[in-house]
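Colleague: I would like the atomic coordinates for the input below:
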Amino acid sequence: MTTPPTPPQTTVLIVGAGFAGIALALECLRKGHSITIVDKSPSVDEITRYGDIISFDPNGARHFARWPGVLAAMQAVARQTSWLDLYHWRGEFVTRQSFAGEKGWGPRVNGHRGELHGIMYDALVSQGVQVRFGVRVVDYFESDGGAGVVTGEGERIEADVVVAAEGVRSRGRKIVLGFEDKPKSSGYAVYRAWFKGEAIRGNEVLRHLVESGDTHSGWIGPDLHFLASSLKDGREFNWVFTHVDDGNIEESWQFPGKIEDCLKYVEGWAPVVQEIVRATPKDARLIDHKLVFRDPLPTFISPKARIALIGDAAHPFLPTSIQGASQSIEDGVVLAACLEKAGKDKAALGVRAFEKIRYERVHKAQATGVKTREKWHKANWDEIRKTPEAIHLTREAWLLNFDAEADAYERFDEVVASLQAERARL
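Modeller: So this is what the prediction gives:
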């Protein structure tokens, strides 16, 4: 009996080893593609050593179960809460929002971004893939038969498909859009801090946040919301607050924050909020970060469909969406599936199908961030006291109870047929 020939592998060059890039790499391996992955950071330590809380809702976290050992390792270090306590900014308890009813939709994972990224990275390395660190991409190019990048050292790296997963300032955006676009201020900035729970365990005002397991709390006020949580049975603690951007930092930039500056924003707030900021250790990593956005892109792919943008390079999310990380995972899953269905000879068609499948869903998900921010920052407290659940995070099945891989497989043939019909009309 003759063994059928193995289909030739689609070669995929991934620029950026963040969550989107690693997710795509893991999915490409599952689906038989050949990958090369490069990143400008000098080592993985530069990616995993910093950061604070990151959240994956069921639509993103469900895919971790498909990568051996990843979900279990993440759940071992993730926050063990299924609720969020919400308070008026002066300190009055308002409502507890439970997420227990979402268990049927899939797992939720909330943890330190560096730690969770490291778990995904280790899963990739365990399959024999080595990320090329210290590679700075300065240009992208494409032809009818493939695409590539030029590095700062003048090296040309080519593949059937190139994927820009290098964040909001990706150089890949220029070849996709045809011009150099500039980000805009979202009007908001954010302070973030992460430190050991031991630092506040002896504090009479704060000890309840770390001494009885994990907690998750939020204080909502005019044009500012403050979130705090503990993880690993209270051994680690983080806080973050979003505030009106006063223009003190440049576009898409971050630098060490100062406790005294943070306290100015929460002056008059609940004593527990002020004490959280005041008790932050001097050696904690406190970051002041400007939130930027870009107008929804007309396309995520290059003219010849050999280059695709994914993750923040394609669609930066506001933190209040709680979807940026999950949507980057979905991007990788869907692109790998579309390339598998299309095959090497029709890789460009696979890229076009990826965009068609993702475009509407991504932009609809992006809009949820603005909706939540407006709900919180412009809260009508007289109405909320009558119906406290009005201040709950919006949790909708269309967004969270969703399997991006199954959806891509189900829709691929129909999407391809529509793309071919569109091209025939041109």
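Colleague: Please make it C-alpha for all contacts and neighbour counts, starting now.
Modeller: Fine.
Colleague: Give me the helix or strand of this protein that scores worst on average pLDDT.
Modeller: strand 254-256 (a mean of 69; mean pLDDT, DSSP states H and E).
Colleague: for whichever helix or strand comes after that strand, packing partners?
Modeller: Downstream of strand 254-256, the next assigned helix or strand under DSSP states H and E is helix 259-265. In terms of contacts (3 or more CA pairs under 8 Å, 6 or more residues apart in numbering; DSSP states H and E), helix 259-265 is packed against helix 271-278.
Colleague: counting contacts, what elements does the next helix-or-strand element following the helix it packs on pack onto?
Modeller: Next along the chain after helix 271-278, taking DSSP H and E as the criterion, comes strand 285-293. Judged by 3+ CA pairs under 8 Å, 6+ apart, strand 285-293 is in contact with strand 184-196, strand 254-256.
Colleague: Please identify the most buried of those strands.
Modeller: strand 184-196 (a mean of 19; mean count of other CA atoms under 10 Å).
Colleague: hmm, who's touching the following helix or strand past it?
Modeller: Remark: after strand 184-196, the chain's next helix or strand is helix 198-201, criterion DSSP H and E. Helix 198-201 is contacted by residues Leu206, Arg207, Val210, Glu211, Arg235, Glu236, Ala279, Thr280, Pro281 when judged by CA atoms under 8 Å, 6 or more residues apart in numbering.
Colleague: Name the member of the residues you listed with the most neighbours.
Modeller: Greatest neighbour count in the contacts of helix 198-201, by other CA atoms under 10 Å, goes to Val210: 25 neighbours.
Colleague: give the contact list for the nearest residue to that residue once chain neighbours are set aside.
Modeller: Computed as CA to CA, 6 or more residues apart in numbering, the closest residue to Val210 that is not its neighbour in sequence is Gly234, at 4.1 Å. By CA under 8 Å, 6+ apart, the contact list for Gly234 reads Gly197, Leu209, Val210, Glu211, Ser212, Gly213, Asp214, Thr215.
Colleague: try 6 Å this time
Modeller: Neighbouring residues of Gly234 by CA atoms under 6 Å, 6 or more residues apart in numbering: Gly197, Val210, Gly213, Asp214.
Colleague: Please produce JSON lines containing the residues you listed, extended by distance to Ile301.
Modeller: Formatted as JSON lines, the contacts of Gly234 follow (distance: CA to CA, whole Å):
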{"residue": "Gly197", "distance to Ile301": "44"}
{"residue": "Val210", "distance to Ile301": "46"}
{"residue": "Gly213", "distance to Ile301": "45"}
{"residue": "Asp214", "distance to Ile301": "42"}
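Colleague: between those residues, which has the most around it?
Modeller: Val210 (25 neighbours).
Colleague: That one and Glu405, how far apart?
Modeller: Val210 sits at a distance of 38 Å from Glu405 (criterion: CA to CA, to the nearest Å).
Colleague: Okay, buried residues for the longest helix anywhere in the chain please.
Modeller: Counting residues, the longest helix found in the chain (DSSP state H) is helix 347-377. With burial defined by 16 or more other CA atoms under 10 Å, the residues of helix 347-377 counted as buried are 347-359, 362, 365-366, 368-369, 372-373, 375-377.
Colleague: pull the CA atoms of whatever helix or strand comes next after that helix into PDB?
Modeller: Per DSSP H and E, the first helix or strand lying C-terminal to helix 347-377 is helix 381-386. Extracted in PDB, the C-alpha atoms of helix 381-386 (Å, rounded to 0.1, in the frame of the first residue of the first chain):
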ATOM      1  CA  TRP A 381     -24.600  56.600  41.600                       C
ATOM      2  CA  ASP A 382     -28.300  57.400  42.400                       C
ATOM      3  CA  GLU A 383     -29.300  54.900  39.700                       C
ATOM      4  CA  ILE A 384     -26.600  52.300  40.700                       C
ATOM      5  CA  ARG A 385     -27.800  52.200  44.300                       C
ATOM      6  CA  LYS A 386     -31.200  51.200  43.000                       C
END
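Colleague: so what are the domain limits for the protein?
Modeller: 11-81+105-181+295-378+396-425, 184-293 (automatic domain parsing).
Colleague: State the number of residues packed around Ile287.
Modeller: Residues contacting Ile287 under the criterion other CA under 10 Å number 19.
Colleague: isn't it right up against Arg192?
Modeller: Yes: shown here, Ile287 and Arg192 form a contact pair, counting by CA atoms under 6 Å, at 5.2 Å.
Colleague: residues contacting Ala20?
Modeller: Contacts of Ala20 (CA under 6 Å, 6+ apart): Gly311, Ser328, Ile329.
Colleague: So it versus Tyr188, what's the distance?
Modeller: 24 Å.
Colleague: coming back round to it: please name every helix or strand in contact with the longest helix of the chain.
Modeller: Secondary-structure packing of helix 347-377 (3 or more CA pairs under 6 Å, 6 or more residues apart in numbering; DSSP states H and E): helix 324-342.
Colleague: tilt between the helix it packs on and helix 347-377?
Modeller: 160 degrees (axes from the mean of the first three to the mean of the last three CA atoms, to 10 degrees).
Colleague: Torsion angles phi and psi at Ser418?
Modeller: The phi/psi pair for Ser418 (degrees, to the nearest 10) reads phi -70, psi -40.
Colleague: Could I get the pLDDT score of it?
Modeller: We have a pLDDT of 94 for Ser418.
Colleague: Measure how buried it is and give me the count.
Modeller: 14.
Colleague: any idea how far Lys356 is from it?
Modeller: When CA to CA is the yardstick, Ser418 and Lys356 sit 10 Å from each other.
Colleague: quick revisit: and of the helices and strands packed on strand 285-293, who's closest to Gly128?
Modeller: Nearest to Gly128 among these is strand 184-196; the distance by CA to CA comes to 32.6 Å.
Colleague: Report the inter-axis angle for that closest one versus strand 285-293.
Modeller: 160 degrees.
Colleague: for strand 184-196, packing partners?
Modeller: strand 236-244, strand 285-293.
Colleague: Mean pLDDT lowest where, among those strands?
Modeller: When the helices and strands packed on strand 184-196 are compared on mean pLDDT, strand 285-293 scores lowest, with a mean of 78.
Colleague: circling back: let me see the mean pLDDT of the longest helix of the chain.
Modeller: So the average pLDDT for helix 347-377 ends up being 91.
Colleague: any low-confidence regions in this structure?
Modeller: 1-5, 50, 183-185, 246-255, 292-295, 426 (pLDDT under 70).
Colleague: Good, wrapping up.
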